[in-house]
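> One predicted model, sequence on top.
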Amino acid sequence: MKIGLIGLPRSGKTTLFNAVAKAQAQLSTYAGAKAEPNHAVAQVADPRVAILSEAYKPKKTVHATIDFMDFPGVEEGSGKSDAFSGARLADARKSDALALVVRNFPNETGKPPMPAADLARIEEELGFADLVATEGRLERIAADLKRNRKTPGLEAEGKTLERIREHLQAQKPIRDLQLSVDEEKPLRGFGFLTQKPSIAFMSSSEDLFGKSGAALDAMNKLRPSLEFAGKFEMELSRLEDPAEVKMKRYLRVLAENIREAYSGERQVQICVESEDITLDIATAMPCGLMVTELLTNSLKHAFPPTMAAAPHITIQLTTKDEFFDLVVRDNGVGFPEELDAQDVASMGLKLVRLWATHQMGGTFTIQKGEGAIIHVTFPRKSS
C-alpha cells in the first residue's frame with residue numbers, strides 16, 4: 001500500500017512521516033517549494049504474525065509493508081498550477097490513499113492554529129488540482145472530436161468528465177459523486193486526488209492534545225479525522241535505548257488517541273493510574289497492544305446507549321514484587337457469567353491472553369460482576 005502525506009507548510013506532516021516510518025527527515029527546512037518528497041517503507045509490526053508463524057512453521061514469513069511519501073507543503077493557490085498538479089505530485093496520484101495533516105500547535109508567527117480551516121484549504125487545493133487535470137483532458141477530447149476521431153468510448157469518457165467538472169466546480173470531491181463501474185473504468189489512469197480514500201490528522205502539541213474536541217469535531221464534518229501528539233510520537237519512534245519507554249506518558253497518549261477514535265458522540269472518561277515505570281521496547285510493545293485491544297473492546301461493547309451512569313475506564317500499571325500488574329477496568333455491562341477466560345471467543349481477548357501468557361510469560365484473568373476487569377501480570381525481567 002502507498003500512502004501520500006499532504007499538508008500545508010509546517011503543519012506537522014513530516015513529523016508524522018518520521019513517527020510512522022521511523023525516518024529522520026529534516027523538519028525545519030523541508031517546507032521549501034523545491035524540496036523533493038521524502039520516501040520510506042515501513043514494516044507493519046503485528047505480533048499476531050509472529051504467533052501464527054511460530055504455530056504453523058512456514059518456510060518464509062513476510063510482513064506487510066506500507067510505502068509512505070511525504071510531499072512538500074501545499075502553498076495556497078498551488079492547485080491551479082503545475083506546482084501541485086504536475087510532475088511534482090505525480091507520485092501522489094499513484095498513492096492508494098492520502099493522509100491530510102493540519103497544525104494544532106503554535107508556530108513561529110504566533111498565529112493560532114485553525115485545523116478545520118486548514119483542512120478545508122487542503123481539500124480546496126486538491127479539488128483545484130483535479131479540476132486542472134479534468135479540463136485538460138476535456139480539451140484534448142474536444143480536439144479529437146473535431147478531427148472526426150469520434151468513438152463510443154471517447155464520447156462516454158467526455159460525458160463522465162463533464163459530470164466530474166461540474167462536481168468539482170461546486171467544490172465537491174469526486175469520491176462523493178456516484179459513478180457506475182463503466183464510468184469509473186476510463187478514469188483509473190487519472191489518479192484523481194479527491195477520489196482517493198483519505199483521512200485527516202490533527203497534529204497537536206502536548207499541551208493541546210486531548211483539549212481540542214471542538215476543532216476535531218469540525219474536521220470530522222469534512223473528513224474522518226484523528227488527533228495525534230506528533231512530537232511525542234516521533235520521539236517515541238526514535239528511541240534506541242531498550243529502557244526508554246516511559247509508560248505513564250505513553251499510556252496517556254495511547255488512551256486519548258483510542259478514546260477520540262472510538263467513543264463517538266458519548267464522552268467516555270479514561271483515567272491512567274500508572275507508576276513511573278520504564279519498559280524496554282520488547283515489553284512495551286505488547287503491553288501497548290494489550291491496552292489497545294482492551295480499550296477498544298470496552299468502547300465498542302461496554303456502554304450501551306441506555307446506560308445511565310457516566311462511562312468510565314481505568315488503566316492501572318503498577319509493580320508488585322518481581323511482577324508488573326496491568327489492570328483495565330470499566331463500569332459497563334460487564335462480561336457474561338458463562339465466559340471462560342481460558343476459552344474466550346473474542347479474537348481481541350484471545351490475542352491479549354496469547355500476548356500475556358506466551359509472549360510475556362505472564363498471567364491473564366477476567367473478573368466478572370459489575371463492569372469488566374482484565375488483570376494481566378508479567379515478569380519485571382523478560383525471560
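On my side now, so go ahead.

> To what extent is the closest residue in space to E227 that isn't next to it in sequence buried, counted in neighbours?
Distances taken as CB to CB, 6 or more residues apart in numbering place M202 nearest to E227, at 4.6 Å, with adjacent residues excluded. From N, CA and C alone the C-beta is placed, and that goes for glycine too. Using other CB atoms under 10 Å, M202 has 29 neighbouring residues.

> Could you pull out the strands in the stretch 51-200 of the chain for me?
Counting by DSSP state E, counting those that start in this stretch, the stretch 51-200 of the chain has strands at residues 65-70, 97-104, 198-204.

> Out of the ones you listed, the one nearest Q43 is which?
strand 65-70 (5.4 Å; CB to CB).

> partner strands of that closest one, parallel or antiparallel?
Strands that pair with strand 65-70, judged by DSSP bridges, come out as strand 2-7 (parallel), strand 38-43 (antiparallel).

> Ranking those strands by mean neighbour count, which comes first?
strand 2-7 (a mean of 23; mean count of other CB atoms under 10 Å).

> Can you identify the element that follows it toward the C-terminus?
Beyond strand 2-7 on the C-terminal side, the first helix or strand identified by DSSP states H and E is helix 13-21.

> pLDDT of that following helix, averaged?
For helix 13-21, mean pLDDT is 84.

> Next: stretch 302-312.
87.

> If we go by neighbour counts, what in that stretch is buried?
Residues of stretch 302-312 classed as buried under the neighbour-count rule (16 or more other CB atoms under 10 Å) are 302-303, 311-312.

> Ok, stretch 364-382 next?
364, 366, 371-378.

> Kindly report the same for stretch 258-277.
Counting neighbours by 16+ other CB under 10 Å, stretch 258-277 gives 258-260, 263, 268, 270, 272, 274, 277 as buried.

> Among those, name the ones in strands.
If you go by DSSP state E, these have 270, 272, 274 in strands.

> mind listing what the last one touches?
So that's S274. Contacts for S274 (CB atoms under 8 Å, 6 or more residues apart in numbering) come out as 247-248, 251, 315-318.

> need the helices for this protein, in chain order.
Ranges of helices in the chain, per DSSP state H, are 13-21, 47-56, 82-85, 90-93, 115-146, 152-169, 181-184, 213-220, 230-237, 247-262, 281-301, 347-354.
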